[in-house]
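S.K.: pasted the sequence and its predicted model underneath.
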Amino acid sequence: MLHQTKLLCTILCILLFTACHRPLRVSKTTGEVLLVDSTYKAVQDTQYLQSLAPIKEDLEKQLGAPIGYAPEALRVYQPECPLLNWASDALLAMARQLSPEPVDVAVVNIGGMRCEWAAGDITFRNVFELMPFDNMLVVLTLKGSDLQQLCEIFAYSGGQGVAGMRIKAIGDRVMQQDALVTIDGKPIEMDKTYTVATSDYLSQGNDGMLPLKNYIKYWNSEEKIRDLYIEYIKQVKTVKAQVDGRMSIN
């Protein structure tokens, strides 16, 4: 009985104490604004930086290693330019090496050319600067009518990179009946299908190339275009291209 009484008293004391205890409240807050910008001097881990130095040095050597030689500068401009012609020719050549089916043409967008190449050695770094993206080479099967519409867009936008075909536009129009689009020297046929090497990015209709989304077949090489450019340069050694009238807009 005494034990039960003590237990009851203990419970009552606890209840009384908790019932009278006021809840905690935030009465004051303080803070400090710390700007993390160019003026902020972080404490550098010198030991960590020293451990990375050999890796950085080795990477710099690899990026600076020449893989080819350009006798003349390759510039970028519309409607047609040496670097766009080179990029589209290289893409077509590598697509024909890799694709299980014959490839008719290649399409490259001028927006994907992120630098120009000066005359002299072409290095790994030059290719990474030109193509910093991880875009993959794909081959699309399109109807001639969709390819014709794509050429109309090229004329309207002032020109893009093509290989394997020639486009002649009057103003911003490419009239099919005038045979101003030719593939392998022959006028494009609306009901015929053609294979187009391009990037997975453009195959989604990006950069205004909506007709590429109308593909009948789609083959992904799973190869980065940047790596294929490097391989192409290693094969040909000399990096050269010229304006040859393949994209003529008058």
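M.R.: Cool, the structure landed.
S.K.: and the helices in the protein, which stretches?
M.R.: 2-20, 46-64, 82-98, 124-130, 144-157, 200-203, 225-236 (DSSP state H).
S.K.: can you redo those helices as CSV with distance to Ala70 and mean neighbour count?
M.R.: To be clear about C-beta, it is placed using only N, CA and C from the backbone, and glycine gets the same treatment. Listed next are these as CSV, based on distance: least, C-beta to C-beta, whole Å; neighbours: other C-beta atoms under 10 Å:
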stretch, distance to Ala70, mean neighbour count
helix 2-20, 83, 9
helix 46-64, 15, 10
helix 82-98, 9, 23
helix 124-130, 9, 19
helix 144-157, 26, 21
helix 200-203, 25, 20
helix 225-236, 9, 19
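S.K.: I'd like these laid out as TSV, including mean pLDDT.
M.R.: What follows is the helices of the chain, written out as TSV (pLDDT from 0 to 100):
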stretch	mean pLDDT
helix 2-20	50
helix 46-64	77
helix 82-98	98
helix 124-130	95
helix 144-157	93
helix 200-203	98
helix 225-236	97
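S.K.: export those to CSV and append columns for distance to Arg166.
M.R.: What follows is the helices of the chain, written out as CSV (distance: least, C-beta to C-beta, whole Å):
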stretch, distance to Arg166
helix 2-20, 89
helix 46-64, 36
helix 82-98, 12
helix 124-130, 24
helix 144-157, 10
helix 200-203, 20
helix 225-236, 22
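S.K.: got the contact list for the residue nearest the centre of the chain?
M.R.: Residue closest to the mean C-alpha point of the chain, counted by C-alpha atoms, centre = their mean, is Phe133 at 3.4 Å. Counting by C-beta atoms under 8 Å, 6 or more residues apart in numbering, Phe133 touches Gly112, Tyr201, Ile225, Arg226.
S.K.: just to revisit the earlier point, for Val108, find the nearest of the helices of the chain.
M.R.: Val108 lies closest to helix 82-98 among the helices of the chain, at 4.5 Å (C-beta to C-beta).
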